[in-house]
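Asker: Just the structure for this:
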Amino acid sequence: MIELNEFAVRLAKEGKNFASVATLMPDGSPQVSLVWVDSDEKHLIINTAEGRVKTNNLRRDPRIAVTIANSENPYQQVMVRGRVAEMTQEGADAHIDELAKKYLGVDQYPHRAPGEKRVKVRIVPEKILSIGDE
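Answerer: Numbers count the residues shown, from 1 in each chain. Here you go, the predicted model:
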């Protein structure tokens, strides 16, 4: 495992920077989703729900690529290739509420579907490329 650099942590934790997440479909073709992103300074962390394409893809194949662009200057970005270290429902509801506060300014995630089970995904970086890091 390599360490996330300071630039990657800053883009993941500060501001309303979105991440593009690429997973692999069963036939090997890529699937990309735009998601909210966070970090615990060792991992990138995203939040999704059971039954979604990216959740199913990651359970079958833990390889993942994440690009985070600075919302204030999209020429500043970090690209991380890695693997899923953990997918858990534990703490996932609280985490999506934290992300809703960061991205929407609200205390609770407003788009929960009835019966939805949230999943917190921790990503271990294996390769990092930073562009425009100052």
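Asker: same for the longest strand along the chain, what does it pack against?
Answerer: In terms of residue count, the longest strand belonging to the chain (DSSP state E) is strand 73-88. Using 3 or more Cβ pairs under 8 Å, 6 or more residues apart in numbering; DSSP states H and E as the contact test, the elements touching strand 73-88 are helix 6-13, helix 53-60, strand 63-70, strand 118-131. For glycine as for every other residue, the C-beta is placed from the backbone atoms N, C-alpha and C.
Asker: tell me which residues in the last one are buried?
Answerer: For strand 118-131, the neighbour count (16 or more other Cβ atoms under 10 Å) marks 118, 119, 120, 121, 122, 123, 124, 125, 128, 130 as buried.
Asker: Just give me the closest of the residues you listed to residue 48.
Answerer: Minimum separation from residue 48 among the buried residues of strand 118-131 (Cβ to Cβ) is found for residue 119, which lies at 5.2 Å.
Asker: Kind regards, and thank you for your time.
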